[in-house]
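Peer 1: Okay, structure incoming, though there's no sequence with it:
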Ligand code: FES
């Protein structure tokens, strides 16, 4: 069984609603979102090419990739259609004491 470890990302106030911030941990890049329904986290790179999703645009629960405008549903990571067809990996998020934490499996 893989053990989940929680890592602090930033204060909840540091990400405006309908915005995204990048988080790096042990050489991996993640995208952490603030949507109208809460905070979420996914892999940091688009599954189409290598665009950083933190440079993309959040509207509602959708992230639009800055490179070719591929769209993903943030909570599920599901690709919404061409040019993206591979879903994003998602990661659990929790808030505690006004801070956001991302849950990552221990290496
Ligand atoms: Fe994201 Fe092409 S790199 S849609």
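Peer 2: In hand now; what should we look at? Source: prediction; values computed, not measured.
Peer 1: correct me, but residue 98 touches residue 13?
Peer 2: Yes - contact status for residue 98 versus residue 13: in contact at 7.3 Å, counting by C-beta atoms under 8 Å. C-beta: built from backbone N, CA, C; applies to glycine.
Peer 1: Quick one: name the residues of the protein near the ligand.
Peer 2: 46, 48, 49, 51, 65, 67, 68, 70, 83, 84 (C-beta under 6 Å from any ligand atom).
Peer 1: can you tell me how far the fifth one sits from residue 40?
Peer 2: Read that as residue 65. Distance, residue 65 to residue 40, using C-beta to C-beta, to the nearest Å: 16 Å.
Peer 1: what about stretch 93-101, start to end distance?
Peer 2: 6 Å (C-alpha to C-alpha, to the nearest Å).
Peer 1: Identify each buried residue in that stretch, please.
Peer 2: 93, 100, 101 (16 or more other C-beta atoms under 10 Å).
Peer 1: How about stretch 41-48?
Peer 2: So stretch 41-48, judged by 16+ other C-beta under 10 Å, has buried residues 41, 42, 43, 44, 45, 46, 47, 48.
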